[in-house]
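**Q** Sequence and predicted structure below; questions after.
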Number of protein chains: 2
Amino acid sequence: MKPVPAPKPSSVAAAPAIDEVDAGFLESLIGYNARRAALAVIEVFLQRMVVYELRPVDFSVLSLTGHNPGITSRQLCTTLGILPPNLVGIINTMARRELVTRRPHPHDGRAVGLHLTAKGFKLMREAERTAAALEVEVTSSLSTAESKALITLLKKVYQTRQDEAARTPRRASANQR
Amino acid sequence: MKPVPAPKPSSVAAAPAIDEVDAGFLESLIGYNARRAALAVIEVFLQRMVVYELRPVDFSVLSLTGHNPGITSRQLCTTLGILPPNLVGIINTMARRELVTRRPHPHDGRAVGLHLTAKGFKLMREAERTAAALEVEVTSSLSTAESKALITLLKKVYQTRQDEAARTPRRASANQR
DNA sequence: TATTGTTATACTCTATAACTATA
DNA sequence: TATAGTTATAGAGTATAACAATA
């Protein structure tokens, strides 16, 4: 983006140098732009959540469990698009930190209901407040209407994908993301 | 957010089961929605690019090199937000596949200019066509105006983040996400 | 027979340190 | 001294297979 000295009118255009990268094609793709935006926001998220020792997944599990007392591992996996083996460690760590407890499921002996402790709820409230503040910051270049529109459009994209995947059963219900 | 059967007026609310997960809070966050949308689109992208043996990074490198002949590794890294050590293997593989060649940089003996071979250009054109087709598909639930708006809004989010990071030099220019 | 939760493990992606050649 | 490219390696994140307990 800086002013560049005019290219030497020299002869051999054999292997010219690039001074301004043209990423035009990539920037026309939803996937590319959505990934860049997600990474940019998550970068800030990571910084702000360090004090709570919460990674994005941890935050998601905390928030979902707080708003859905008794939720099962399976439900967390389906909602967040993560695999059961990878959730075990997350829950274990949170249990060791005394943020969540496992209680027997009311009518399924295989399943376990997850619940936040008082400490867990306190952390959830603080972390959600921080996330909400961060949200305002990250959307500072957008109007309120634009922020709402952005979220609506993003949901349309992934919910449509999700529905189509459900309508095209690969075997049963495709598990991930 | 779907209608939920009225809670049984039963007695012990000890450990109720969750039948519909409320992800309301998470769904209010740009980062969460952008990540979900990116993953949904990339999933389709992965499937369609299998025939070309191109992962998203490979595609990006191929496209950028095709549109910017003579681009350096450093420029690719900066543009795509990947680290130099992780790019080496990508370029090596693409060179082994005879898609790119390394040529001396016109006026910097340390740098190497990257160029597509004829085979590389052919693959780039095919892959870009596929990506463009996929784009139409993935935005089927959006109007043309909505698709354009979505991309504009996403760019606003990450370009603002990017600019602020540049204005707050942590040491020099913070390289990575 | 199918599903929940779990262990063990492999694979991919991303990050850090250190080296060389050139500027 | 700083930068471009590279090597080796460490660490996260994500994936598959297989098992016990329950449905």
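**A** Yep, it's here.
**Q** Am I right that residue A:161 is in contact with residue B:41?
**A** Yes: contact between residue A:161 and residue B:41 holds when scored by C-beta atoms under 8 Å: they sit 7.2 Å apart. Every C-beta, even on glycine, is put in place using the N, C-alpha and C of the backbone.
**Q** out of these two, which sits in the busier spot?
**A** residue B:41 (26 against 22; other C-beta atoms under 10 Å in any protein chain shown).
**Q** hang on, that one is in a strand, isn't it?
**A** No: assignment of residue B:41 by DSSP: H, G, I helix; E, B strand; the rest coil gives helix, placing it outside any strand.
**Q** burial count for the closest residue in space to residue A:101 that isn't next to it in sequence?
**A** Spatial nearest neighbour of residue A:101, excluding adjacent residues (C-beta to C-beta, 6 or more residues apart in numbering or on different chains): residue A:115 at 5.3 Å. A count of neighbours around residue A:115, defined by other C-beta under 10 Å, yields 18.
**Q** Tell me the secondary structure at residue A:115.
**A** strand.
**Q** Which neighbours do residue A:161 and residue B:41 have in common?
**A** Residues touching both residue A:161 and residue B:41 (C-beta atoms under 8 Å, 6 or more residues apart in numbering or on different chains) are residue B:138.
**Q** Okay, residue A:41 and residue B:37: tell me how far apart.
**A** Here the criterion is C-beta to C-beta, to the nearest Å. By it, residue A:41 lies 12 Å from residue B:37.
**Q** What is the least confident helix or strand in chain A?
**A** Every helix and strand in chain A was compared by mean pLDDT, DSSP states H and E; the lowest is helix A:144-167, with a mean of 89.
**Q** The residue nearest to the spatial centre of chain A: what's it in contact with?
**A** For chain A, residue A:56 is the residue whose C-alpha lies nearest the centre (C-alpha atoms, centre = their mean; 6.5 Å). With contact taken as C-beta under 8 Å, 6+ apart, residue A:56 is in contact with A:42, A:45, A:46, A:49, B:31.
**Q** Verify the contact between the third one and residue A:55 for me.
**A** It refers to residue A:46. Yes: using C-beta under 8 Å, residue A:46 is in contact with residue A:55, at 7.3 Å.
**Q** and chain A, which of its residues are near DNA strand D?
**A** Counting by C-beta under 7 Å from any atom of the strand, the residues of chain A close to DNA strand D are A:55, A:57, A:82, A:83, A:85, A:86, A:108, A:109, A:110, A:176, A:177.
**Q** where along chain A do the strands fall?
**A** A:100-104, A:112-116 (DSSP state E).
**Q** Take the ones you listed and lay them out in CSV including mean pLDDT.
**A** Shown next, in CSV, are the strands of chain A (pLDDT from 0 to 100):
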stretch, mean pLDDT
strand A:100-104, 96
strand A:112-116, 97
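**Q** possible to save those strands as JSON lines with distance to DNA strand C?
**A** Formatted as JSON lines, the strands of chain A follow (distance: least, C-beta to the nearest atom of the strand, whole Å):
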{"stretch": "strand A:100-104", "distance to DNA strand C": "7"}
{"stretch": "strand A:112-116", "distance to DNA strand C": "4"}
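**Q** what's the burial count for residue A:77?
**A** 17.
**Q** next one: the one 5 residues further on
**A** Around residue A:82 there are 19 other residues, counting by other C-beta under 10 Å.
**Q** Most proximal residue of chain A with respect to DNA strand D?
**A** Residue nearest to DNA strand D within chain A (C-beta to the nearest atom of the strand): residue A:109, separated by 2.4 Å.
**Q** and the least confident helix or strand of chain A, does that touch DNA strand C?
**A** No: applying C-beta under 7 Å from any atom of the strand, one finds helix A:144-167 separated from DNA strand C by no less than 14.3 Å.
**Q** who touches that helix?
**A** By C-beta under 8 Å, 6+ apart, the surrounding residues in contact with helix A:144-167 are A:30, A:34, A:139, A:142, A:173-174, B:27-28, B:30, B:33-34, B:36-37, B:39-41, B:43-44, B:138-142, B:146, B:149-150, B:153-154, B:156-157.
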